[in-house]
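generate a structure from the sequence data that follows.
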Amino acid sequence: MKKLLTAIFIFTSLSFYAQEASYQEIALKYLQTNGTAQQYEGAIDQLFGLLKQQYAGQNIPDETWATLRTESSGEVNKVMSMLVSAYRGTYEKEDLVNMLAFYETDAGRQLLTDKTALDYEQRKDASVFYNSPTGQKILTSEQQIAARVGEVSEIWSRDLYRSVTDKLAAKGFTLH
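Just a heads-up that it's a prediction; the model follows:
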């Protein structure tokens, strides 16, 4: 009996882990597909542009900036994982699957690129999607998700800024 209970516990734990990993994978793929990852790559570039302006009088070599940028390459993965947590409270795995499927269609890609350029068929497809239970959930939770994403972004960017400025200070470069 004890072995049976142990086996059930292990099986249940592994099933739970598989479900969690699956949610994470789908969410990360969705964030890649909808352009979120690219936005954060751009945010890192903007941060480095700001830092270069702030440290302009320090004569920091380009190699130092390049090294710091390379060291920050994992930051997009870090914020993507943080964003999965923000999505987890609102969207079920099925919602993410539906969202991913939509954004991989012509209508979804066009919506991300330029929604004003949607043709008739794409507008119809988008309307069908946004009238679905998942689409309705997106529309009703927009503000809630935006607030969570904003909090995650603020924490992430503050930590990245601090990390880079700490590394610059360790190399002898400080803001005056």
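
test my guess that Lys137 contacts Leu96.
No. With contact defined as C-beta atoms under 8 Å, Lys137 does not reach Leu96; the gap is 10.8 Å. Bear in mind the C-beta positions are built from the backbone N, C-alpha and C, glycine included.

the more surrounded of those two?
In this view Lys137 and Leu96 are compared by other C-beta atoms under 10 Å, and Leu96 has more residues nearby, 24 against 17.

which residue, other than its chain neighbours, is closest to that one?
Ile26 (4.6 Å; C-beta to C-beta, 6 or more residues apart in numbering).

name the helix or strand for that neighbour, please.
When elements are defined using DSSP states H and E, Ile26 is found to belong to helix 2-33.

mind checking the pLDDT average for that helix?
Averaged across helix 2-33, pLDDT comes to 61.

which element is the residue most central in space within the chain on?
Centroid-nearest residue in the chain: Met80, 3.2 Å away (criterion: C-alpha atoms, centre = their mean). Assigning secondary structure by DSSP H and E places Met80 in helix 75-88.

can you show me the helices along this protein?
2-33, 36-54, 62-71, 75-88, 93-103, 106-114, 120-130, 133-170 (DSSP state H).

so how far is Asn131 from Tyr40?
30 Å (C-beta to C-beta, to the nearest Å).

and these two? which has more neighbours close in?
Tyr40 (22 against 10).

so that one makes contact with Val76?
Yes. In this structure, Tyr40 is within contact of Val76 by C-beta under 8 Å, at 4.9 Å.

surely Gly135 is in contact with Glu142?
No. With contact defined as C-beta under 8 Å, Gly135 does not count as touching Glu142 (11.3 Å).

which intervals of the protein have sub-threshold pLDDT?
By pLDDT under 70, the low-scoring segments of the chain are 1-21.

try 50 this time
2-18 (pLDDT under 50).

excluding chain neighbours, what is closest to Phe48?
Arg69 (5.9 Å).

tell me if I'm right that the one you found and Leu51 touch.
No. Applying C-beta under 8 Å, one finds Arg69 not in contact with Leu51, separated by 10.0 Å.

neighbour-wise, which of those two wins?
Counted by other C-beta under 10 Å, Arg69 and Leu51 do not tie: Leu51 has more neighbours, with 19 against 15.

how near is the more buried one to Ser72?
11 Å.

now do the residue nearest to Phe48 against Leu168, distance only.
Computed as C-beta to C-beta, the Arg69 to Leu168 distance reads 12 Å.

Arg158 too?
Arg158 is 16 Å from Leu168, where distance means C-beta to C-beta.

between the two, tell me which one has more neighbours.
Counted by other C-beta under 10 Å, Arg158 and Leu168 do not tie: Leu168 has more neighbours, with 20 against 10.
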